Structures are given as C-alpha cells and as structure tokens.
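J.: based on what follows, work out the 3D shape:
(one chain, ligands or ions: 1)
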Amino acid sequence: MKILVLNGPNLNMLGNREPDIYGRDSLEQLEKNLHELCQQEKVEVDLFQSNYEGALLDELHNATKKGYAGIIMNPGAFTHYSIALRDGIAAIDLPVIEVHISNVHAREEFRSKSVTAPVSIGQITGLGLYGYELALLALKQYIQGRG
Ligand code: DQA
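T.: Residues are numbered from 1 along each chain as shown. Below you'll find the model as predicted:
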C-alpha cells in the first residue's frame, strides 16, 4: 500500500515558522517519523510539499496512476479558501484525510472554516506532527476496510 502526504504553502518553513504554534520539528523530521511508522506498518509513503496550488492539484490528479491508495493532506492556508483544491479532491476516487498541526478551531475565526474537509473522509487538527501518524493509521484501516 502506497500513501501520499501532501503539504501546502509555508509548510517547508516548519521548525522555523511560528514555533509556538507549529513546534520546532522540521518537515525532514516529519518525513523521518512517517518513514519509521511506515516500516512498522508495512506501508510505503512519499511526501510532497509545494507553495503552489497548481502543483498540489497536479499531485492530486496523478495520484491514482502513480499507484497511491490514499492521501494525507495539509493544505495550509489553502484549506480556508481554495475551491480548486476542494474540487481536485472531489475529482479523484481516493480517500483523503486532512491534517492540521495547530488547532484551527482555537485560532482566528477564518481558520475554523475548511472548504476541503467536506470532501475528505476526516480531519485531524491540533495534535502537532503526531496528527500525520494518526492519519496514516486511520487511512490504512480505511483502505483495508474498503478493499
Ligand atoms: C495549518 C493551519 C492553517 O490555518 C495555516 O494557514 C497553515 C498551517 C496547520 O497545519 O495548522 O499554514 O494548516
């Protein structure tokens, strides 16, 4: 089973970016954590980060033909307004779990609105980088249950 992890704008800055909110771990650390978990779980994982909406859309569109069984996505700020990403998720027949490192419901009001969550199978928010690991376990279960 192959899972794709998509991270949107500014998530390349993890570790340096507002550490009080997003913590001190980098994207490389996240990749390491996920690779460790995936070894135990016998799942393959690839990570992709972009600051560009179109690049994220291309990854969504190509995910099925690249053999991914599901996607974990942190769309960053696009979460709150990108109808294009929302439609991109809806256009593919792959389960997507949305992850946010911070608790989007405990911050500015505009962050509590997600246009992408309604087309995802679920959302994990506020549990730091651990949220990606939980999403991976949940996605694996979901895919196995569906198959
Ligand atoms: C975020 C929350 C978003 O509101 C913000 O724009 C981000 C990161 C999170 O992981 O907590 O870039 O998605």
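
J.: what residues does this protein put near the ligand?
T.: Within the chain, the positions adjacent to the ligand are 10, 74, 76, 77, 79, 100, 101, 102, 104, 111 by C-beta under 6 Å from any ligand atom. (Glycine included, C-beta is placed from N, CA and C.)

J.: identify the residue spatially nearest to the residue sitting nearest the centre point of the chain, adjacent ones excluded.
T.: Note on the chain: the residue nearest the mean C-alpha position is residue 73, at 1.9 Å, using C-alpha atoms, centre = their mean. Closest residue in space to residue 73, ignoring its immediate chain neighbours: residue 6 at 4.4 Å, by C-beta to C-beta, 6 or more residues apart in numbering.

J.: what about the longest helix in this protein?
T.: The helix of greatest length in the chain, counted in residues with DSSP state H as the criterion, is given as helix 130-146.

J.: how about residues contacting stretch 104-121?
T.: The contact list for stretch 104-121 (C-beta atoms under 8 Å, 6 or more residues apart in numbering) reads 21, 73, 75, 78-83, 85-86, 89-90, 95-98, 123, 125-126, 142.

J.: straight-line length of it, end to end?
T.: Separation of the first and last residues of stretch 104-121 by C-alpha to C-alpha, to the nearest Å is 18 Å.

J.: how many neighbours does residue 36 have?
T.: The local packing count at residue 36 equals 11, with neighbours defined by other C-beta atoms under 10 Å.
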